[in-house]
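Chemist: With the input below, show me the fold.
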Amino acid sequence: MDRNRMMIGLTIAVVAGLLLSIFIYHEFRIASAPAPVVVMKQIVVAASPLPLGTRLTSKDLRVIPWPTDAPVANMFARPEDCENRALITSVSENEPILEDKLAPVAAGAGLSATIPEGMRALSVAVNDVVSVAGFVTPGTMVDVIATGSTKDSGSITKTVLENIRVLAANQRIESHAGRPEQVTVITMLVTPADASKLAMASSSGKIQLALRNTIDSQTGEVPSVLQAALFSMDREPVLPVKHVAAPVKPAAPPAPYIVDVIAGGKRENKSFPSPDHSTGESNGQQAQSH
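Modeler: Okay, here's the model as predicted:
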């Protein structure tokens, strides 16, 4: 009995040793295998943190090695291909300089270089309340709410623009990492049509900016608010409706009286107006021979 137990234990030990030997041999082969050769090439990166609107020079750029089997779309291999072009977004140190981060060659530098084709930059005067206590800073997204008055409806508040990007606060186009600041002018990126709306709202009424989460891009029809409806007992604001009376059709005239008249051997049917009809007599005669 003891001999059988010894044989079983010896067999288990041999099998375990064999498995361990196979594992060690496999790991040793992996460790001793030559490392794969990685082919590198040069890629242009920022030599230091660069703010939006910077016109790039040779001092702002440098090259680093980059694996050829992990290419980055629209990257540059030579610094001279990026020089004299402006950044349309801020970049960090060692961040690759890509075509999508650069303004067109003839776009210049500064704020104008950050405005895409077909868009406009428009500034409006603000205070601490309008600018959401100073938290409306470059790069944030806002809705523009306007309050004015109309001849028919009185005072009304309406969301005139949604999901609008703030380009600059005062003359600064870079954000201070979410820190609030006192500003008197906000510059926003808008379409030409929205620029007209914003100019009208800021000159003819009062505007208020509503700060959005930068990842919230949903837009939709926001109901307008009437002052009269807001402070009335109505549960829902209701715009005044002009009622137009339907045209009244004239009543049909009453049927005339028909009388048979026999004279000189002839018989005639004569019609006479009803006593209730005030438009005069209408006669229709039909001659009939006996």
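Chemist: can we go C-alpha only for contacts and neighbour counts from here?
Modeler: Noted.
Chemist: Would you check that residue 77 makes contact with residue 61?
Modeler: No - with contact defined as CA atoms under 8 Å, residue 77 and residue 61 do not form a contacting pair (11.1 Å).
Chemist: so what's in contact with the two at the same time?
Modeler: Residues touching both residue 77 and residue 61 comprise residue 44, with contact defined as CA atoms under 8 Å, 6 or more residues apart in numbering.
Chemist: Break down the stretch 151-290 of the chain into its helices, ranges please.
Modeler: Assigned by DSSP state H, counting those that start in this stretch, the stretch 151-290 of the chain shows helices spanning 192-204, 227-230.
Chemist: Quick check: buried residues in the first one?
Modeler: Of all the residues in helix 192-204, those buried under the rule 16 or more other CA atoms under 10 Å are 194, 195, 197, 198, 201, 202.
Chemist: Just name the closest of those to residue 28, please.
Modeler: Nearest to residue 28 among those: residue 194, at 68.3 Å, using CA to CA.
Chemist: quick one, what contacts that closest one?
Modeler: So residue 194 contacts residue 161 (CA under 8 Å, 6+ apart).
Chemist: cool, residue 48 as well?
Modeler: 60, 61, 92, 93, 94.
Chemist: what number of residues lie near residue 252?
Modeler: Other residues near residue 252 come to 6 when the count uses other CA atoms under 10 Å.
Chemist: Quick check: the gap between it and residue 273.
Modeler: Per CA to CA, to the nearest Å, residue 252 is found 13 Å from residue 273.
Chemist: Wasn't residue 14 part of a helix?
Modeler: Yes - counting by DSSP: H, G, I helix; E, B strand; the rest coil, residue 14 falls inside a helix.
Chemist: send the alpha carbons of the longest strand seen in the chain over as PDB?
Modeler: Looking across the chain with DSSP state E, the single longest strand is strand 154-169. Taking C-alpha atoms only, strand 154-169 is exported to PDB below (Å, rounded to 0.1, in the frame of the first residue of the first chain):
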ATOM      1  CA  GLY A 154     -45.100  93.100 -25.700                       C
ATOM      2  CA  SER A 155     -41.900  92.000 -24.000                       C
ATOM      3  CA  ILE A 156     -40.600  88.600 -25.300                       C
ATOM      4  CA  THR A 157     -37.500  86.500 -24.600                       C
ATOM      5  CA  LYS A 158     -36.200  84.100 -27.300                       C
ATOM      6  CA  THR A 159     -33.200  81.900 -27.900                       C
ATOM      7  CA  VAL A 160     -31.800  83.300 -31.100                       C
ATOM      8  CA  LEU A 161     -28.600  81.300 -31.500                       C
ATOM      9  CA  GLU A 162     -27.500  77.800 -30.200                       C
ATOM     10  CA  ASN A 163     -24.100  76.000 -29.700                       C
ATOM     11  CA  ILE A 164     -22.000  79.000 -30.700                       C
ATOM     12  CA  ARG A 165     -18.200  78.900 -30.100                       C
ATOM     13  CA  VAL A 166     -16.500  81.700 -28.200                       C
ATOM     14  CA  LEU A 167     -13.300  82.800 -30.100                       C
ATOM     15  CA  ALA A 168     -12.000  85.400 -27.700                       C
ATOM     16  CA  ALA A 169     -12.600  87.200 -24.400                       C
END
